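> fold the following.
(one chain, ligands or ions: 1)
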Amino acid sequence: MSTPGGLQRQFYDMLMESQWWPADDLRDYQRGQLGQLLRHAKKNVPFYAERLDAVLKPNGDIDWDKWGEIPIVKRQDMVEHREAMQAKELPPGHGPTGTQRSSGSTGIPIVLTSTALNRLVSNALRLRVQTWHELDWSRIFLNGLGDPWRPDDWPQGTPLGPWGPSWVAESSAGFAWSLNSRTPRDVVLDFIERRNCDYLVSGPKTSHLLALESLRLDKPRRLKAILAQSNAVGEDDRRICQTVFGAPLIEHYSSKEGGQTAHECPNGTLHLNGEAVLVEIIDESGAPCPAGVAGRVILTPFFNTAQPLIRYEVGDMAIPGEPCSCGRTSHTLERILGRQLAIFRHPDGRGIINIIPDSARDLLQCQFWQMAQIGPNDYEVRYVPRDRGAHGDEPAFTELFRATFFADAEVRYSRVAEIPLTAASKLIEYINEYHRAGN
Ligand SMILES: [Zn+2]
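A predicted model of the protein is given here:
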């Protein structure tokens, strides 16, 4: 029987090969994994007793052409049907199970049961992206996004031990620490210096804020790389982290529910981790979006057999991308638009989901922003100015806002010292406070 390290290595070795697989090979592999997951879910998970019937025939055959008929699982299902979504039995070798809590931007906390196999696969995927970017596993690593539900562990930090692959000799010299994601920024910076950390796991907005704090304290710190997760990475975030820390941001698209979903290659393209999760990006009618067209992200992680999520709407919007010139054959994302996209609604019934390009931050002279619908056709743009003394061009921004959303929108501005992050270190950039309040 394989040891856990052995299995992790096997999966990692497969990942280093599968990134070059022809599309048909990946599809065959995915269908093999999905077939097992569907049969398991139908047999062992009450929630899926009938949901899969369009695809999974009574004799066990699968009609892949009907895949799109499987009803989409919503976040609300995880709250209302938590018990029915638990597997009564696990396939051999998948356990033991653990639970993870997610705060979510919508304020509904969810609990997800995950398997040891799922965690092992996520770790192997992380090791692959670390290999892509030639991280040095003998160095010191800080996870600045430690579980916010756990007690505070700062300033001392929680020791985690070596973080590289157990089968690589240099890993034994490396060491990882974790800090609760609520740790104050000056404490994180102090920890990086005190412990000689070279790598940091953080959110792109949190990293941006850390860079600003480092400038304010006038104590420069250098990092080799920042592994960014929990928000889409913006160009401003990359620029300031490169300037202040000398470190690139390496984008990780992940969630508690979907695991490690996409990672940035050395060319800067987000590649889907199709070996562990089926990612669909669909339009309003449920049809797959072509490259360049934004749609809803639907995830089916293969190895979470304890609480299977089959066609789960994670709440993000994303744009599928073109093949990457790096030669890796996996599908790509042009961009993640995030989970924080709100639908802004006009009194005439029109609803629009859109984003204002990052470049418009120069127009407002702002570091961070949040656009809120606060009335029937009223909006407030809250922004953190780059320099308190200087004003951006608010009238020009209003024109852009109206061109992006509604031509007759009323827009007002609020200059703020900060925009609070959620418990999961996310910055919500678009929010519909008016309709959320029940209007
Ligand atoms: Zn690439």
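
> and the residue of the chain positioned farthest from its centre, how far from the ion?
Using CA atoms, centre = their mean, the residue of the chain lying farthest from its centre is residue 59. It sits 37.2 Å away. Distance, residue 59 to the ion, by CB to the ion, to the nearest Å: 41 Å. Every C-beta, even on glycine, is put in place using the N, C-alpha and C of the backbone.

> which SS class is that residue?
Following DSSP: H, G, I helix; E, B strand; the rest coil, the label given to residue 59 is coil.

> go on, residue 101?
Looking at residue 101 with three-state DSSP, the answer is strand.

> so what's it up against?
109, 110, 111, 112, 149, 256 (CB atoms under 8 Å, 6 or more residues apart in numbering).

> one more pass at 7 Å, please.
Counting by CB atoms under 7 Å, 6 or more residues apart in numbering, residue 101 makes contact with 109, 111, 149.

> what about the residue in the stretch 101-250 of the chain that the ion sits nearest to, how many neighbours?
Of all residues in the stretch 101-250 of the chain, residue 132 sits closest to the ion, at 8.5 Å by CB to the ion. Neighbour count of residue 132, defined by other CB atoms under 10 Å: 19.

> state the pLDDT value of it.
For residue 132, the pLDDT comes out at 98.

> residue 341 too?
Looking at residue 341, its pLDDT reads 69.

> re the thing from before, the residue of the stretch 101-250 of the chain closest to the ion reaches residue 266, doesn't it?
Yes: between residue 132 and residue 266 there is a contact under CB atoms under 7 Å: 5.7 Å.

> now do the shared contacts for those two.
Common neighbours of residue 132 and residue 266, counting by CB under 7 Å, 6+ apart, are absent.

> low-confidence stretches in the stretch 51-200 of the chain?
The stretch 51-200 of the chain contains residues with pLDDT under 70 at 103-108.

> okay, strands next: where are they in it?
Secondary structure of the stretch 51-200 of the chain (DSSP state E, counting those that start in this stretch): strands located at 97-102, 110-115, 140-146, 158-161, 175-180, 199-202.

> reformat these as a markdown table; add distance to the ion.
As requested, the strands of the stretch 51-200 of the chain are exported to a markdown table (distance: least, CB to the ion, whole Å):
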| stretch | distance to the ion |
| --- | --- |
| strand 97-102 | 29 |
| strand 110-115 | 28 |
| strand 140-146 | 24 |
| strand 158-161 | 29 |
| strand 175-180 | 26 |
| strand 199-202 | 21 |
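
> tell me which of these sits most buried.
Mean neighbour count (mean count of other CB atoms under 10 Å) peaks for strand 199-202 among the strands of the stretch 51-200 of the chain, with a mean of 26.

> so which bits of the helix or strand just after that strand are buried?
As assigned by DSSP states H and E, the chain's next helix or strand after strand 199-202 is helix 204-217. Within helix 204-217, the residues scored as buried using 16 or more other CB atoms under 10 Å are 204, 205, 206, 207, 208, 209, 210, 211, 212, 213, 214.

> how about those residues in CSV, adding pLDDT?
What follows is the buried residues of helix 204-217, written out as CSV (pLDDT from 0 to 100):
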residue, pLDDT
204, 92
205, 89
206, 91
207, 95
208, 92
209, 89
210, 94
211, 94
212, 89
213, 91
214, 94
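
> contacts for the helix ranked longest in the chain next, please.
Ranked by residue count and defined by DSSP state H, the top helix of the chain is helix 23-44. For helix 23-44, the surrounding residues in contact (CB under 7 Å, 6+ apart) are 18, 48-49, 52, 55-56, 60, 62, 64, 87-89, 91, 274, 278, 300, 302, 305, 308, 310, 329.

> how does the chain divide into domains?
What automatic domain parsing lists as the domains of the chain is 4-122+253-338, 134-247, 344-436.

> and the ones you listed as CSV, adding distance to residue 128?
Converted to CSV, these look like this (distance: least, CB to CB, whole Å):
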stretch, distance to residue 128
domain 4-122+253-338, 5
domain 134-247, 10
domain 344-436, 24
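
> what residues does the chain put near the ion?
Taking CB under 5 Å from the ion as the contact definition, the chain meets the ion at 265, 267, 269, 324, 326, 328.

> the strands of the stretch 51-200 of the chain into a markdown table, with extra columns for distance to residue 187?
Formatted as a markdown table, the strands of the stretch 51-200 of the chain follow (distance: least, CB to CB, whole Å):
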| stretch | distance to residue 187 |
| --- | --- |
| strand 97-102 | 24 |
| strand 110-115 | 29 |
| strand 140-146 | 10 |
| strand 158-161 | 14 |
| strand 175-180 | 8 |
| strand 199-202 | 13 |
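
> count the neighbours of residue 378 for me.
Neighbours of residue 378 (other CB under 10 Å): 13.

> so what's it bridging to?
Applying DSSP bridges to residue 378 gives these bridge partners: residue 410.

> returning to what we had before: write a PyMOL command that selects only the buried members of the contacts of helix 23-44.
Paste this into PyMOL to select the buried members of the contacts of helix 23-44, with burial taken from 16+ other CB under 10 Å:
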select buried, resi 18+48+52+55+56+62+87+91+274+278+300+302+305+308+310+329
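
> need the contact list for residue 177.
Contacts for residue 177 (CB under 7 Å, 6+ apart) come out as 142, 157, 158, 159, 160, 195.

> would you map the strands across the stretch 201-350 of the chain?
Along the stretch 201-350 of the chain, counting by DSSP E, counting those that start in this stretch, strands occupy 225-228, 249-255, 259-264, 270-272, 277-282, 295-301, 312-320, 332-338, 344-345.

> can I get those strands in TSV with mean pLDDT?
Supplementary listing: these in TSV, determined by pLDDT from 0 to 100:
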stretch	mean pLDDT
strand 225-228	98
strand 249-255	95
strand 259-264	97
strand 270-272	98
strand 277-282	98
strand 295-301	96
strand 312-320	92
strand 332-338	88
strand 344-345	92
